[in-house]
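Enquirer: I would like the atomic coordinates for the input below:
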Amino acid sequence: METRSLKTRYIIFYFTAFTIILWVFYTIPSGWIEGLTAQTAVGVLSIFGHTTYWEQTAGYTTLTLLGQHPLTVSIIRECTALNVLGVMAGLILPLIASWKKRAVGIALSGFLLFTLNIPRIVLTIYLTAYDTLPFTLIADRNLETYHYPISFIFGVIGVALTVFAVSHWTTPELADTLIGIIDKIIGLGKNSDTTSSTSQSSL
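Expert: Model prediction:
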């Protein structure tokens, strides 16, 4: 795909499709992925010798770590990377590419996002349940002390790595389209500035 030849109607279609797909991912039931996420995190913690378990009752998923400070956390939709996968699916599905490329791109996105999300959960829970230097220097620390910064770091790195991997290995049309959209928007901005300058000079 030529990155500088995107039609305005295609860009409108792309953003419309992206919005619809993202809405679908935000509304589909997430209990299954919450359970899988909790179970996988428990497995990783158990490998390192920690006593931990997970439960799912009436669609409510929890993970408990019997550490230095026993901790129970809720695993909700936002903990599973399902919403981020929705963003990737929204970026990939409307592409002008074969169904095979798009399917493989989404599959790779799901694998990478899920795999990167587990260390985020494990690290957050571990640091909350155990006194660990240099974090012991932080007064009144709790789950949120670690949750927001760790989630931000993993989120930025995870999404960047996923976009790069999908564009490089499975669906190069993703990078081409995103660059083309950016070029189109910049071009419209330049045209607007040029029109404005011409109008002012003719007064």
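
Enquirer: End to end on stretch 66-85, go ahead and measure it.
Expert: Using CA to CA, to the nearest Å, one end of stretch 66-85 lies 31 Å from the other.

Enquirer: How about stretch 63-72?
Expert: End to end - CA to CA - stretch 63-72 spans 6 Å.

Enquirer: List the buried residues in it.
Expert: L63, T64, L65, G67, L71 (16 or more other CB atoms under 10 Å). Every C-beta, even on glycine, is put in place using the N, C-alpha and C of the backbone.

Enquirer: how many neighbours does Y130 have?
Expert: Counted with other CB atoms under 10 Å, the neighbours of Y130 add up to 15.

Enquirer: Name the pair among the buried residues of stretch 63-72 with the greatest separation in space.
Expert: L63 and G67 (12.0 Å; CB to CB).

Enquirer: for the residue nearest the centre of the chain, what are its contacts?
Expert: Nearest residue to the geometric centre of the chain (CA atoms, centre = their mean): V84, 3.0 Å. Going by CB atoms under 8 Å, 6 or more residues apart in numbering, V84 touches L113, G155, G158, V159.

Enquirer: For the residue nearest to S74 when sequence neighbours are not counted, give the beta-bridge partners.
Expert: Excluding its sequence neighbours, the residue lying closest to S74 (CB to CB, 6 or more residues apart in numbering) is T62, at 5.7 Å. Beta-bridge partners for T62, by DSSP bridges, are E55, S74.

Enquirer: and T62, what is it in contact with?
Expert: A38, W54, E55, Q56, T72, V73, S74, I75.

Enquirer: what do you get for G90?
Expert: Applying CB under 8 Å, 6+ apart, we find G90 in contact with A17, F18, T19, I20, I21, L22, F25.

Enquirer: leaving aside the residues next to it on the chain, what's closest to the last one?
Expert: Counting by CB to CB, 6+ apart, F25 lies nearest to G86, which is 2.6 Å off, once chain neighbours are set aside.

Enquirer: Same check on the first one?
Expert: If the residues on either side of it in the chain are set aside, A17 comes closest to P94, at 3.9 Å by CB to CB, 6+ apart.

Enquirer: Can you tell me how far the one you found is from A165?
Expert: For P94, the distance to A165 equals 19 Å [CB to CB, to the nearest Å].

Enquirer: what do you get for W32?
Expert: In terms of CB to CB, W32 sits 25 Å off from A165.

Enquirer: Look at the two and report which has more neighbours.
Expert: Neighbour count, other CB under 10 Å: between W32 and A165, A165 has more, with 16 against 12.

Enquirer: which secondary structure element contains that one?
Expert: Element membership of A165 [criterion: DSSP states H and E] is helix 143-165.

Enquirer: Mind pulling the model confidence for Q200?
Expert: If you check Q200, the pLDDT there is 51.

Enquirer: Might you report the residue contacts of V44?
Expert: For V44, the contacting residues are I118, P119, V122, by CB under 8 Å, 6+ apart.

Enquirer: what about the first one, how many neighbours?
Expert: Counted with other CB under 10 Å, the neighbours of I118 add up to 16.

Enquirer: quick check, it in a helix?
Expert: Yes - applying DSSP: H, G, I helix; E, B strand; the rest coil, one finds I118 inside a helix.

Enquirer: Thanks a lot, catch you later.
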